[in-house]
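next comes the sequence, and after it the predicted model I'd like to discuss.
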Amino acid sequence: MNQHITASGDTTDPTQARAEASQDVVRLVELKRRFGVTAALDGVSLTVRKGEILGIIGRSGAGKSTLIRCLNGLERPDSGEVFIEGREISRLGERDLQPLRRRIGMIFQHFNLLSAKTVEDNVALPLKIEGRPKAERLKRAAELLDLVGLSEKAKAYPASLSGGQKQRVGIARALAARPALLLSDEATSALDPETTRSILALLEDINRQLGLTILLITHEMEVIRSIADRVAVIDAGRIVEEGPVWSVFADPRSDITKSLLGAIRPQLPAELAARLLPAAGAETILRVDVAGEAASGPLLSDLATAVPGAFRLVHGGIDHIQHQPVGTLFLSVPGSDANHLADIITFLKARQARVEVLGHVAHPV
Amino acid sequence: MSPILFELLLRSIWETVLMTAASGLISLVFGLPLGLALIATERGGIAESLWVNRALGAVINGFRSVPFIILLVALIPVTRLIVGTSIGTWAAIVPLSIAATPYYARIAEVSLREVDRGLIEAARAMGGNRWTIIREVLVPEALPGIVAGFTVTLVTLIGASAMAGAIGAGGLGDLAIRYGYQRFETSVMIAVVIVLIILVCGIQWVGDRLVARLDRRG
């Protein structure tokens, strides 16, 4: 999906080699923040590598918003350290934070455009804050509006724009001061699916063309799936899982990740799930998770050749994440022959698939 | 109406307009910063200081709870200190301004509070300081409300200026009381009422037009 991944051809961890050579843009060490009795952040350590798109996903109230706001000092941690381009910022005063914030662009769920300013003046505002001359501001605004495809709206007011257009203006504004890092706070959550796709494509474009590091928070796995290189899953103020997107998708460890993935991964059809029995029945239902080679080879036809006897594909699919095939298949194996079932499972496991016996159904589907 | 009465009417109109405009302007110049100070110092504001916020609130409430006619008399020493006299149109501008400033501060405060906090956060995220937030976000975004509130304040001032006749300030109210009421000159009363209606409608119309032009919120 991302250019650098195809270019590197590295299938194990596409961002690793590139990141090790360069400095981390963000490094968080044991961040803690409480609001009253609830811990919004309960010891978060995380790094964002130069040039990558890191997605942080969690349910609402998981601490995502607090976390992203610690990165530009809009929120202060009770303890822990925040390094931005190697500099610790969590104890800086408001005045020292201001020049730093100009190095960090931010886009918001509700766009936060100034209604009293034209599109062009909104985009130019970060430069006005920097004290740049007017001619330069307008030139840069024009460039950016061109980049986001809204040149003809320069003199319009935000109220006349659609949600997607507003977010494009938000992105242009966030890029105005040539930041080293872009923070995206649920930037697509207020948009419809089609607009979401176009905004994500724009962000990916910017990441690729400008090499801009992006940290985004979201509650939608689809956002992570489309553009993130790495994902960190946050729950109750802690990072519960972290890694390259395709590997987390292929092998989610925590329950929260599995449940967040549920929305975009194949699930056992509900009417079948309702009929599952723990004891033996007419058919056994297997869940087979595949990734990498297992998902790209002729797995099922090999299985049919190697293990005589019937099985059926009940449900499933293969998705491509960061150019890695990742899939889930639900198989139904008829009969009560335990050896037949064991042969199938052995074969699949030998092909690096993860197999789970979900249960049995009394009579065929 | 006799030519003399007509001339009196014209002079009264001028005095009312002068009192309203001068004290209106003064209440804008002092009331808007006061409104900004109230918003900035409140909990979660851009210059949070609850102590200052409470002190400002108490002073504003103090002035606003005194009926204008009493304020008019109570402020006579202050007026004398500033203008040199406690009688006449210029003298009336002092208590009118002092009454209108906290009134307008509260109206401005309401408009400023309606500015989306997300916009302030966005300006902070861009590296803006407090002054940037006031100049680029709070005032421009609240401007339609600030102007509408100023219109309300001017109309209120026209009413209040009628009472200023009690300290010899002149104006339309004074004319209506002395000639229309005390001398039974019904034509003067009617003329004053018509002029007041025209004045108030005119101010409101200009204010509404201005708000419509300023409001870009769609």
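Sure thing, it's come through. Numbers count the residues shown, from 1 in each chain, chains lettered A, B, ... in the order given.

what's the longest helix that chain B contains packed up against?
Counting residues, the longest helix found in chain B (DSSP state H) is helix B:3-41. If you count contacts as 3 or more CB pairs under 8 Å, 6 or more residues apart in numbering or on different chains; DSSP states H and E, helix B:3-41 packs onto helix B:50-65, helix B:89-113, helix B:139-163, helix B:172-175, helix B:186-214. Every C-beta, even on glycine, is put in place using the N, C-alpha and C of the backbone.

list the buried residues of the last one.
Residues of helix B:186-214 classed as buried by neighbour count (16 or more other CB atoms under 10 Å in any protein chain shown): B:188, B:189, B:191, B:192, B:195, B:196, B:199, B:203, B:207, B:210, B:211, B:214.

and if you look at the first one?
Residues of helix B:50-65 classed as buried: B:53, B:56, B:57, B:60, B:63 (neighbour count, 16+ other CB under 10 Å).

excluding chain neighbours, give the residue nearest to the third one in space.
Sequence neighbours aside, residue B:38 is the residue nearest to residue B:57 in space, at 6.9 Å (criterion: CB to CB, 6 or more residues apart in numbering or on different chains).

then residue B:164?
Per CB to CB, 6+ apart, closest to residue B:164 is residue B:92, 3.6 Å.

who are the contact partners of the one you found?
Neighbouring residues of residue B:92 by CB atoms under 8 Å, 6 or more residues apart in numbering or on different chains: B:19, B:72, B:161, B:164, B:167, B:169, B:171.

and the pLDDT for it?
pLDDT recorded at residue B:92 is 93.

what's the answer for the one 3 residues further on, then?
Per-residue confidence at residue B:95 stands at 94 (pLDDT).

hang on, it packs against residue B:72?
Yes - using CB atoms under 8 Å, residue B:95 is in contact with residue B:72, at 4.7 Å.

the closest residue to residue B:117 other than its chain neighbours: what secondary structure?
Counting by CB to CB, 6+ apart, residue B:44 is the residue found nearest to residue B:117 once chain neighbours are left out, at 8.0 Å. Secondary structure, DSSP: H, G, I helix; E, B strand; the rest coil: residue B:44 is coil.

okay if I get the buried residues of helix B:50-65 as TSV plus pLDDT and distance to residue B:32?
What follows is those, written out as TSV (pLDDT from 0 to 100; distance: CB to CB, whole Å):
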residue	pLDDT	distance to residue B:32
B:53	97	17
B:56	97	14
B:57	97	16
B:60	96	13
B:63	94	16
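
and those residues, which is closest to chain A?
Of all the buried residues of helix B:50-65, chain A sits closest to residue B:53, with 18.7 Å by CB to the nearest CB.

got a list of what the closest one touches?
Taking CB under 8 Å, 6+ apart, we find residue B:53 in contact with B:38, B:41, B:42, B:43, B:45.

okay, the residues you listed in JSON lines with neighbour count and pLDDT next?
What follows is the contacts of residue B:53, written out as JSON lines (neighbours: other CB atoms under 10 Å in any protein chain shown; pLDDT from 0 to 100):
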{"residue": "B:38", "neighbour count": "22", "pLDDT": "97"}
{"residue": "B:41", "neighbour count": "20", "pLDDT": "97"}
{"residue": "B:42", "neighbour count": "20", "pLDDT": "96"}
{"residue": "B:43", "neighbour count": "8", "pLDDT": "93"}
{"residue": "B:45", "neighbour count": "18", "pLDDT": "93"}
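
I'd like these written out as TSV, with distance to residue A:47 added.
TSV is the format used below for the contacts of residue B:53 (distance: CB to CB, whole Å):
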residue	distance to residue A:47
B:38	43
B:41	39
B:42	38
B:43	35
B:45	35
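
looking at these, which two lie furthest apart in space?
B:38 and B:43 (11.7 Å; CB to CB).

show me what from chain A comes close to chain B.
Contact residues (CB under 8 Å from any CB of the partner chain) of chain A with chain B: A:72, A:74, A:94-95, A:97-102, A:104, A:106, A:108, A:110, A:112, A:114-117, A:125-126, A:128-130, A:157-160, A:173, A:177, A:183.

among the residues you listed, the buried ones, what's the PyMOL command?
Filtering the residues of chain A next to chain B down to the buried ones (16+ other CB under 10 Å) takes a single PyMOL command:
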select buried, chain A and resi 72+74+97+98+100+101+102+104+106+108+110+112+114+115+116+117+125+126+128+129+130+157+158+173+177+183
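
so how many other residues sit close to the residue nearest to residue A:191 when sequence neighbours are not counted?
Of all residues not flanking residue A:191 in the chain, residue A:163 sits nearest, at 5.2 Å (CB to CB, 6+ apart). Using other CB atoms under 10 Å in any protein chain shown, residue A:163 has 16 other residues around it.

great, nothing more from me.
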